[in-house]
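Undergrad: Structure for the following, please:
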Amino acid sequence: MLKFISENLATLIISAILLVVVVLIIIDMYKKKKSGKSISCTSSCDSCPSLCRNTLDSSTVNGEKEPN
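TA: Numbers count the residues shown, from 1 in each chain. Take a look at the predicted model:
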């Protein structure tokens, strides 16, 4: 077991660092979602699958007022 660890120490260290980075990214995404911030909003409501469209004023379309 020690031989395996000593032969693959660099790979194990890099893998551990990458794992920590991925976990931190996931935690950040979870916190943003929980606080109500959009993770990937493109400001194009027509193609948005998010429920945030329901929070817009019903008299607006794509951020502009509808003509009466």
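Undergrad: can we go C-alpha only for contacts and neighbour counts from here?
TA: OK.
Undergrad: hey, where'd the strands end up in the protein?
TA: For the chain, applying DSSP state E gives strands covering 60-61, 64-65.
Undergrad: Can you name the residues that contact Leu2?
TA: If you count contacts by CA atoms under 8 Å, 6 or more residues apart in numbering, Leu2 has none.
Undergrad: roughly how far apart are it and Leu9?
TA: As judged by CA to CA, to the nearest Å, Leu2 and Leu9 stand 10 Å apart.
Undergrad: what does Val21 give?
TA: Taking CA to CA, one finds Val21 at 19 Å from Leu9.
Undergrad: same deal with Ser15?
TA: Distance from Ser15 to Leu9, by CA to CA: 10 Å.
Undergrad: same deal with Val23?
TA: Distance from Val23 to Leu9, by CA to CA: 21 Å.
Undergrad: got it, and Lys31?
TA: Separation of Lys31 from Leu9 (CA to CA): 33 Å.
Undergrad: Ok, Lys32 next?
TA: 35 Å.
Undergrad: likewise Lys37?
TA: 39 Å.
Undergrad: Show the pLDDT at Tyr30.
TA: If you check Tyr30, the pLDDT there is 90.
Undergrad: and if you look at the one 4 residues further on?
TA: At Lys34 the predicted local confidence, pLDDT, stands at 85.
Undergrad: ok, Leu18 - how many residues close by?
TA: Using other CA atoms under 10 Å, Leu18 is surrounded by 12 other residues.
Undergrad: For it, give its distance to Leu12.
TA: From Leu18 across to Leu12, the span is 10 Å (CA to CA).
Undergrad: With Gly36 instead?
TA: For Gly36, the distance to Leu12 - CA to CA - is 36 Å.
Undergrad: Between the two, point out the one with more neighbours.
TA: Higher neighbour count among Gly36 and Leu12: Leu12, with 13 against 10, using other CA under 10 Å.
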